[in-house]
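Peer 1: Attaching a predicted model along with its sequence, questions to come.
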Amino acid sequence: QQQVKQSPQSLIVQKGGISIINCAYENTAFDYFPWYQQFPGKGPALLIAIRPDVSEKKEGRFTISFNKSAKQFSLHIMDSQPGDSATYFCAAASRGSNYKLTFGKGTLLTVNP
Amino acid sequence: NAGVTQTPKFQVLKTGQSMTLQCAQDMNHEYMSWYRQDPGMGLRLIHYSVGAGITDQGEVPNGYNVSRSTTEDFPLRLLSAAPSQTSVYFCASSYSNREKSGYTFGSGTRLTVV
């Protein structure tokens, strides 16, 4: 049973456009939702994270939108740049499981110049 | 401050061989985890630890052992390597206080079992 479903698998965006990646979860005990960015040959790096008590969090060009009732959250990358080309993973965790991360399967983002 | 250090970066094993993947962190993080990354599968948790002397299984623990004798080190042992264990392995560490930071990942070990 896949607890965190991520879509799309791949995404191509033009420079300056908006990239949107969506995730849905099933476990209502999840209370921490991070996004990770991974470049080829590197380990994932924390990009931004949100808790379910807020509906949106913004850090620079990156915004997480959270819909608790729908059990969905999404990453929006505004003014996408070629340097944003990477694989993005959503994840979820809960205090009750010592914040073990459950990852989505990833989205390969390509931003064309 | 080196962060999370994984060694080796690359390894080729023959089926049935054993080996240990090393992971060390210098950030005094309580939590440490091992993940494997396979194409189209995302990152799957193998084992994790919430402190020295405490370990538990993740989603895909079969064929792997761990121990945590110190806060800094969390080695992953492959008991008898199988081709299905060909993967990229990542170690990660974190504070227990979620407000302080998320997980910091190492740069990975690419393992091929032939």
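Peer 2: Now that the structure is in, tell me what you want to look at.

Peer 1: Enumerate the residues of chain A near chain B.
Peer 2: Near chain B, the residues belonging to chain A are A:6, A:9, A:32, A:34, A:36, A:41-46, A:49, A:89, A:95, A:98-106 when assessed by C-beta under 8 Å from any C-beta of the partner chain. (Glycine included, C-beta is placed from N, CA and C.)

Peer 1: Among these, which ones are in strands?
Peer 2: A:6, A:34, A:36, A:45-46, A:49, A:89, A:102-103 (DSSP state E).

Peer 1: Can you spell out which helices and strands pack onto the host helix or strand of B:His47?
Peer 2: Assigned by DSSP states H and E, B:His47 belongs to strand B:42-51. Under the contact criterion of 3 or more C-beta pairs under 8 Å, 6 or more residues apart in numbering or on different chains; DSSP states H and E, strand B:42-51 touches strand A:102-103, strand B:31-38, strand B:54-57, strand B:64-66.

Peer 1: Now which of the ones in strands among the residues of chain A next to chain B would you call buried?
Peer 2: Among these, the ones that count as buried by 16 or more other C-beta atoms under 10 Å in any protein chain shown are A:6, A:34, A:36, A:46, A:49, A:89, A:102-103.

Peer 1: Would you format these as a markdown table with pLDDT and distance to A:Gln81 included?
Peer 2: A markdown table is the format used below for those (pLDDT from 0 to 100; distance: C-beta to C-beta, whole Å):
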| residue | pLDDT | distance to A:Gln81 |
| --- | --- | --- |
| A:Gln6 | 97 | 22 |
| A:Pro34 | 94 | 22 |
| A:Tyr36 | 96 | 18 |
| A:Leu46 | 93 | 19 |
| A:Ala49 | 93 | 22 |
| A:Phe89 | 97 | 19 |
| A:Thr102 | 92 | 29 |
| A:Phe103 | 94 | 24 |
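
Peer 1: Many thanks, we can stop here.
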